[in-house]
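Enquirer: What follows is a predicted protein model with its sequence.
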Amino acid sequence: MKQAKLTTAAIASALSVCAFAGENDRPQGFKIGDRLTLKPYVSCSFTFDSNTDSTRHGKNGSNWSVNPGVAADYKGENWGVTGQANYQYHAYNRYSSQLNSSSWNEKLSFWWQDSMPDERGWTILATESFSQIAQDDDMSEHNGRGLGRDRKEVSVNGVIERRLNNNVHLALDAGYYMLDYENNVSKYAPMYGWKRTNVGGEVGYMASKWTDFIISGGYQWYNQDNNVQRSRSYYRNMDSRGRKIDSDSDGWTIMGGIATRATERLEYRVLGGYNRFRYGDGTKRLGGFVYEFSARWRIEDRLSLMVLGSSYYQPSENAYGSARKIYTASVGLNKSFIRGKVTGTIDGSYRKEKVEYAEYETDNYDEDIWTGRVGLNYHINRFITCFARLEYQWMDSERRAYQYDRWRGTVGFRLSY
């Protein structure tokens, strides 16, 4: 069976799964009956942050974090459900009254199939998730949807696939995504969240055991939270009429490429094509080449590599009346050694926000965000893992005042069953 079609949100989160696979796969959990497994855990950590404000002249600070959670796995005969939920509290040693924060998220996934992989039959995949994200959760959040600010994210996705024979397969997919920033305009310039609904499909032809040719297409509809009353004061001064950009945007995408496994150790998916995007009231017509790629390479039993990337159009999140084209690329390397007791990780990511349309010339500037991270996990035993990581981020902007760099060092431990 071909790989399930990856949405942009799934691509964004997959790097962290790869990078910390050694830590996350370690817990064995306990069984309830023959089918249900629960994996509870709690982790505690201390972080030093060189730039808590993520600004050009931000001050350093530190925080303590506690993160309890549980993962669950239920396996039926030809179906299964997995889920997870966790809570995280950050306690700052500086700015405690302004920055102390809570985060939580939950995710639920369901799969069903009526035949073996690559045989004629049906497969259904469905996922949903909700996240309340604090601005300091993870510097690598720039990989995906949402910039570094307190926000809520909701995602629902589904795929239904029909394998007609050993060669031909068809799939339909649909999804919904919501990004809602918790704006405090007395402290920050506003951010502009949005909602997206998408539908699409693809057809694939497996020319051989290793080669799957794919054509996919889809339609996306956006509704942006761009009320003019929340725009910055200098916008209102520049435009006394209180001009408002229409909140609705839409677009369609057509892509083609190749996927499935190249060897037993390498899985990949590479697509390229065209995205037509109509921003605002539809008079701002944008379009261009877009791509999507992912690869997992198990180089050896204890060494694995992941590469991910995508490009797409969307309404801007930090500029009123602006549309952006986003480019992302990520790579992660995971190495386990000393008989699996120590796991090392290295990963890096790049995100470019290129302005395709700006209502105000003052917002017509591009940004590049580079993030790197190294980590080390030591599994003392089945129940206790100690970890340390170092993160660095560089924001390069055509507006010099918005440039900054930031690094964070974290040490902690995780108790799991």
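Expert: Thanks, I have the structure now.
Enquirer: all strands of the stretch 51-200 of the chain, in order?
Expert: In the stretch 51-200 of the chain, the segments counted as strands under DSSP state E, counting those that start in this stretch are 61-75, 79-92, 101-113, 121-133, 151-163, 168-181, 194-206.
Enquirer: helices or strands up against the third one?
Expert: Identification of packing neighbours for strand 101-113 by 3 or more Cβ pairs under 8 Å, 6 or more residues apart in numbering; DSSP states H and E yields strand 79-92, strand 121-133. (Glycine included, C-beta is placed from N, CA and C.)
Enquirer: Can you lay out these as TSV showing mean neighbour count, distance to residue 300 and mean pLDDT?
Expert: As requested, the helices and strands packed on strand 101-113 are exported to TSV (neighbours: other Cβ atoms under 10 Å; distance: least, Cβ to Cβ, whole Å; pLDDT from 0 to 100):
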stretch	mean neighbour count	distance to residue 300	mean pLDDT
strand 79-92	17	27	93
strand 121-133	17	29	94
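Enquirer: Need these in a markdown table (columns: distance to residue 72).
Expert: As requested, the helices and strands packed on strand 101-113 are arranged in a markdown table below (distance: least, Cβ to Cβ, whole Å):
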| stretch | distance to residue 72 |
| --- | --- |
| strand 79-92 | 5 |
| strand 121-133 | 14 |
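Enquirer: Among these, which comes closest to residue 379?
Expert: Closest of the helices and strands packed on strand 101-113 to residue 379 is strand 79-92, at 19.8 Å (criterion: Cβ to Cβ).
Enquirer: who does the closest one pair up with?
Expert: Using DSSP bridges, strand 79-92 pairs in its sheet with strand 61-75 (antiparallel), strand 101-113 (antiparallel).
Enquirer: List the contacts of it.
Expert: 52, 61-74, 99-113, 134, 136-137 (Cβ atoms under 8 Å, 6 or more residues apart in numbering).
Enquirer: how many neighbours does the residue nearest to residue 368 when sequence neighbours are not counted have?
Expert: Distances taken as Cβ to Cβ, 6 or more residues apart in numbering put residue 396 closest to residue 368, at 4.4 Å, once the chain neighbours are dropped. Residues near residue 396, counting by other Cβ atoms under 10 Å, number 15.
Enquirer: Pull the contacting residues for residue 396.
Expert: Remark: with contacts taken as Cβ under 8 Å, 6+ apart, residue 396 is in contact with 367-370, 403.
Enquirer: Ramachandran angles for it?
Expert: Torsion angles at residue 396 (phi, psi; degrees, to the nearest 10) stand at phi -110, psi 120.
Enquirer: Can you give me the separation between it and residue 371?
Expert: Distance of residue 396 to residue 371, given as Cβ to Cβ, to the nearest Å: 12 Å.
Enquirer: again, but for residue 131
Expert: Applying Cβ to Cβ, the value for residue 131 to residue 371 is 19 Å.
Enquirer: ok, back up a step: for the strands paired with strand 79-92, give me JSON lines that also has distance to residue 47.
Expert: What follows is those, written out as JSON lines (distance: least, Cβ to Cβ, whole Å):
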{"stretch": "strand 61-75", "distance to residue 47": "5"}
{"stretch": "strand 101-113", "distance to residue 47": "13"}
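Enquirer: for those, which one sits closest to residue 214?
Expert: The closest of the strands paired with strand 79-92 to residue 214 is strand 101-113. By Cβ to Cβ, the value is 19.1 Å.
Enquirer: chain center to stretch 328-339: distance?
Expert: 17 Å (Cα atoms, centre = their mean, to the nearest Å).
Enquirer: can you put the strands of the stretch 51-200 of the chain in a markdown table and add distance to residue 288?
Expert: Below are the strands of the stretch 51-200 of the chain laid out as a markdown table (distance: least, Cβ to Cβ, whole Å):
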| stretch | distance to residue 288 |
| --- | --- |
| strand 61-75 | 40 |
| strand 79-92 | 37 |
| strand 101-113 | 32 |
| strand 121-133 | 29 |
| strand 151-163 | 25 |
| strand 168-181 | 22 |
| strand 194-206 | 18 |
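Enquirer: So for residue 379, which of those strands sits nearest?
Expert: Proximity to residue 379, assessed across these by Cβ to Cβ, is greatest for strand 61-75 (17.1 Å).
Enquirer: How about residues contacting stretch 377-389?
Expert: 20, 22-23, 26-28, 43, 45, 340-345, 373-376, 409-417.
Enquirer: So, low pLDDT: which residues of the stretch 151-300 of the chain?
Expert: Within the stretch 151-300 of the chain, the segments meeting pLDDT under 70 span 184-189, 227-244.
Enquirer: swap in the stretch 1-150 of the chain?
Expert: 1-27, 95-99, 135-148.
Enquirer: quick one, helices of this structure?
Expert: Under the criterion DSSP state H, the chain contains helices at 8-19, 21-25, 96-99, 233-238.
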